[in-house]
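**Student:** have a look at this fold, sequence not included:
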Ligand SMILES: Nc1ncnc2c1ncn2[C@@H]1O[C@H](COP(=O)(O)OP(=O)(O)OP(=O)(O)O)[C@@H](O)[C@H]1O
């Protein structure tokens, strides 16, 4: 559905994106993660045809997106910093969207008004920050896009509204196979909603995986032995991190849970607990693998 092929971009002679290839299937919700300044916003702007890459191509629905109004008609981008015309009310902005997006759905716009409960005749810039973000979602979802691209979408939204918006997105993905890319530092929200994850670091995509595969491939293990650590314990294990706490050793190990359990059980541990890792922890360990580590991250 969205194919970003070998995209590179420089700003003022510094390289911001290096040969990035990223693929999003139709009906997928793709979480784009990365360190500050990794190039996420730049990549999203290129993916939506707002910016032009220096090399490579972005193909959406089998067509190059840049300067392609036919494809852009089905793509809505909500940026991290929102922009509305300064004097426009919600209803005026809705009219503007209706003129741009041919799939605009007035009935849905009316239904969502009940859900958000905001005054359509109020100037958007007089709303609070979180309310303005609600307006952005209200307009975006009424445009019925095939592709919805979101940069830090949950910033400033309260927990109830966040859940309502996530439900709306999931409903559109389920009902009409909308495709979504979300870039966020809020990894709990990403974990909640996304099925695929890409991690961008210093302009390169260092990982792209199905979220379930990612989670089944890395584990936190808590182990203890009666007579201290067996010397050969770590042979044949891909250990990303170790932390001894008293007699208990906490390890982050890459691999399938059965393989890890089988290997460690040979040494007859008195404690063996396999604990789930959150996306936040996986992100930290993956970033550690590319030299972006923080110390003592085990909790
Ligand atoms: N218009 C621009 N002109 C010059 N440099 C830019 C421009 N836009 C972005 N950059 C630079 O490109 C790099 C990537 O920025 P970008 O906003 O894409 O990162 P990001 O991953 O979204 O970061 P964050 O998580 O902090 O929002 C940064 O070094 C930034 O300074």
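**Tutor:** Received the coordinates, thanks. None of these values were measured; they are calculated from a predicted model. Numbering: from 1, shown residues only.
**Student:** determine whether any part of the lowest-mean-pLDDT helix or strand in the chain lies close to the ligand.
**Tutor:** Least confident helix or strand of the chain, by mean pLDDT, DSSP states H and E, is helix 279-289 with a mean of 83. No: figure legend: helix 279-289 not in contact with the ligand (Cβ under 6 Å from any ligand atom); closest approach 12.6 Å. Quick note: C-beta positions are derived from backbone N, CA and C, even for glycine.
**Student:** stretch 154-164 too?
**Tutor:** No: Stretch 154-164 stays clear of the ligand (Cβ under 6 Å from any ligand atom), getting no nearer than 10.6 Å.
**Student:** what does the chain put close to the ligand?
**Tutor:** So the chain meets the ligand at 11, 12, 16, 34, 36, 37, 38, 39, 40, 41, 42 (Cβ under 6 Å from any ligand atom).
**Student:** isn't residue 26 up against residue 177?
**Tutor:** Yes: using Cβ atoms under 8 Å, residue 26 is in contact with residue 177, at 5.3 Å.
**Student:** check contacts around the closest residue to residue 25 other than its chain neighbours.
**Tutor:** Distances taken as Cβ to Cβ, 6 or more residues apart in numbering place residue 1 nearest to residue 25, at 5.7 Å, with adjacent residues excluded. Residues counted as contacts of residue 1 (Cβ atoms under 8 Å, 6 or more residues apart in numbering) are 24, 25, 26, 27, 28, 60, 61, 147, 179.
**Student:** list the contacts for the second one?
**Tutor:** This points to residue 25. 1, 179, 196.
**Student:** run a quick neighbour tally on the residue lying closest to residue 137 once chain neighbours are set aside.
**Tutor:** Of all residues beyond its chain neighbours, the one nearest residue 137 is residue 165 (5.3 Å), with distances taken as Cβ to Cβ, 6+ apart. By the criterion of other Cβ atoms under 10 Å, residue 165 has 23 neighbours.
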